[in-house]
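*Asks:* give me coordinates for this.
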Amino acid sequence: MDFPHGTDAEAQDIISAALHGRLTPEQAKRAARFDLVLGAFAWIAMAQRIATLEASLAGAKGPDPATPSGQIPVYTKPPARKRKGKPGAKPGHPGHCRPSPVQIDRHEEHRLAVCPDCGGPLQRCQRPRTRIIVDIPEAIRPEATEHTIHRDYCPGCRKHVEPVVPDALPQATIGHRAVALTAWLHYGLGVTIDQIVDIMGCHLQTRLSPGGMVAIWQRLAHILEAWYQQIAADARESAVLHADETGWRVQGATHWLWCFTSQKTCFYLVDRSRGSPALQKFFLEAFDGVLVRDFWAPYDSLTVGDHQCCLVHLLRELEKVDQHNQTAVWLAFAKKLRRLLRDGIRLRKRPDFTPDAYRARSHRLDCRLIELAEGTYDDGDAQRLANRLSKYRDSIFTFLDYQEVPFENNHAERQIRPAVVLRKNSQSNRSARGAATQSVLMSVYRTLKLRGHDPLAVMVAALRDYMRTGELPALPGIGGVAEG
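*Replies:* Presented below is the predicted three-dimensional model:
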């Protein structure tokens, strides 16, 4: 391209210098004296150079701390931290090994006829040792039972009557144990439907279809609806309740899976809303306990006794801001806030801690929090977090007022993790009825697990009682005590 002023070679040198960040003041002045075409090319070259540098800097910062691990490329993840110390129990502590079986089903003896090294004869000694091996039988076959049901006539009622078969649901061809096992594999452990078909067909010699399993799981959820409502009532009556939510899909539309859990109860709810309407469906009346939650704003609409905001979320927010903000104001604010939170956590972890014994020290921590929250800061991030502390200052150190309240929301995150695993494996639900089945069966299985029960044994016994009486037994409580 010919330029009215200067030569093509000089114009190319100016554009190349702009692209590589080597443009000198003299070259810039000459480009300004040239025509508008060369000036436009120079500006475009510099814009491309700036965009390239910004993209490289953004990649060097690493992923956002809130980005799920599955969305981070493997080659960008830091190496795993090595375990500190040797595995196993500490010196002087009893070890943890597999317990011996209560019953020995078969005995075998092993003795050599000749020496395995030289082939010579052996002198018999009385030095035997035992070794116990627990294994699964090679051929596990399902038990098929033919039930002959006699129908007789009742003159008083003027109708034919017949006994109830308690071993299966009406018109079902598989028994309660197969139903409970498959439902537990899917909703309790997150195994996919296709994998369950393979497990039942290959290892347990029981052929099942995906559609048949889904249909009978829906019938099971309908039967367990009373337990589901009882679990919700138990959760609302808890002294300490943890709450969390995660994204969900129903028929491809965005929904949310809510988790409300205590130490012995876990309730799941799939709802279209992530705001206060979903919370109002669960909290039918005022909650008198302590709600452990994150800083999600809809929780503020709840009428509860006290709140405890998760301090781990707040510390993680400080790490996130540190990646892009290194101003003096922010560094000073973050240092004070970290020290304040860690002082409170250290106080709570003292072996002799009780709220009454350390009331004065807790009051001093509250005063430091108020002073930090009411300050005015020139840094935007510092002022934003100060406003958050001012809004939630009554919910930061609640764990210092109650012995049983933690400073983090790890329990809710651990209970919601099985649902996240199932979502990753099975991609949420394809219908509203499937979402309802998901909520009921996950809540029942997780609650039974938290209460120390064998989910399969409890489920089979409950279904047998339901077939005999037409009603579910009471929801098992802690240690076998019935609830409700």
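*Asks:* and for Ile223, the neighbour number?
*Replies:* Using other CB atoms under 10 Å, Ile223 has 15 other residues around it. Backbone N, C-alpha and C define where each C-beta goes, glycine included.
*Asks:* tell me the contacts of it?
*Replies:* For Ile223, the contact set (CB atoms under 8 Å, 6 or more residues apart in numbering) comprises 169, 463, 466, 472.
*Asks:* need the pLDDT of the closest residue to Ser395 other than its chain neighbours.
*Replies:* Sequence neighbours aside, His307 is the residue nearest to Ser395 in space, at 3.9 Å (criterion: CB to CB, 6 or more residues apart in numbering). pLDDT, His307: 93.
*Asks:* right, and His307 touches Arg293 too?
*Replies:* Yes: counting by CB atoms under 8 Å, His307 touches Arg293, with 6.4 Å between them.
*Asks:* I'd say Leu422 and Leu185 touch.
*Replies:* No: contact criterion CB under 8 Å: Leu422 and Leu185 do not qualify, at 10.7 Å.
*Asks:* so between these two, which is more surrounded?
*Replies:* A side-by-side neighbour count of Leu422 and Leu185, using other CB under 10 Å, places Leu422 first with 21 against 18.
*Asks:* show me where the stretch 251-400 of the chain has strands.
*Replies:* 253-261, 266-271, 287-293, 304-309 (DSSP state E, counting those that start in this stretch).
*Asks:* in the longest one, which residues are buried?
*Replies:* So that's strand 253-261. Within strand 253-261, the residues that qualify as buried are 255-261, counting by 16 or more other CB atoms under 10 Å.
*Asks:* now render those as a markdown table, adding distance to Gly275 and pLDDT.
*Replies:* Putting the buried residues of strand 253-261 into a markdown table (distance: CB to CB, whole Å; pLDDT from 0 to 100) gives the following:
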| residue | distance to Gly275 | pLDDT |
| --- | --- | --- |
| His255 | 13 | 94 |
| Trp256 | 9 | 94 |
| Leu257 | 15 | 94 |
| Trp258 | 11 | 95 |
| Cys259 | 16 | 95 |
| Phe260 | 15 | 96 |
| Thr261 | 20 | 96 |
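*Asks:* find the residue at the geometric middle of this protein.
*Replies:* Arg417 (1.8 Å; CA atoms, centre = their mean).
*Asks:* so who does Ile396 touch?
*Replies:* By CB under 8 Å, 6+ apart, the contact set of Ile396 is 309, 311, 341, 344, 369, 389.
*Asks:* from Val321, how far off is it?
*Replies:* Here the criterion is CB to CB, to the nearest Å. By it, Ile396 lies 18 Å from Val321.
*Asks:* ok, now Lys449?
*Replies:* According to CB to CB, Lys449 and Val321 sit 38 Å apart.
*Asks:* with Leu257 instead?
*Replies:* Counting by CB to CB - Leu257 and Val321 are separated by 29 Å.
*Asks:* what of Trp217?
*Replies:* 45 Å.
*Asks:* returning to that earlier point: who's more crowded, His307 and Arg293?
*Replies:* Counted by other CB under 10 Å, His307 and Arg293 do not tie: Arg293 has more neighbours, with 24 against 17.
*Asks:* dig out what that one forms beta bridges with.
*Replies:* With DSSP bridges applied, Arg293 shows beta-bridge pairing to Cys309.
*Asks:* surely Ser395 meets Gln308?
*Replies:* Yes: counting by CB under 8 Å, Ser395 does reach Gln308; the two are 6.0 Å apart.
*Asks:* give me the more crowded residue out of these two.
*Replies:* Set Ser395 next to Gln308 and count neighbours by other CB under 10 Å: Gln308 wins out with 25 against 20.
*Asks:* which ones are touching the residue lying closest to the more buried one once chain neighbours are set aside?
*Replies:* With sequence-adjacent residues excluded and distances taken as CB to CB, 6+ apart, Gln308 is closest to Thr398, at 4.1 Å. Contact analysis of Thr398 by CB under 8 Å, 6+ apart lists 290, 306-308, 405.
*Asks:* and the two most separated of the residues you listed?
*Replies:* By the measure CB to CB, His307 and Val405 form the most distant pair in the contacts of Thr398, at 10.1 Å.
*Asks:* which neighbours do those two share?
*Replies:* 290, 292, 398.
*Asks:* now pLDDT and distance to Pro73 too, for the residues you listed, in CSV please.
*Replies:* Below are these laid out as CSV (pLDDT from 0 to 100; distance: CB to CB, whole Å):
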residue, pLDDT, distance to Pro73
Val290, 93, 40
Val292, 95, 34
Thr398, 94, 40
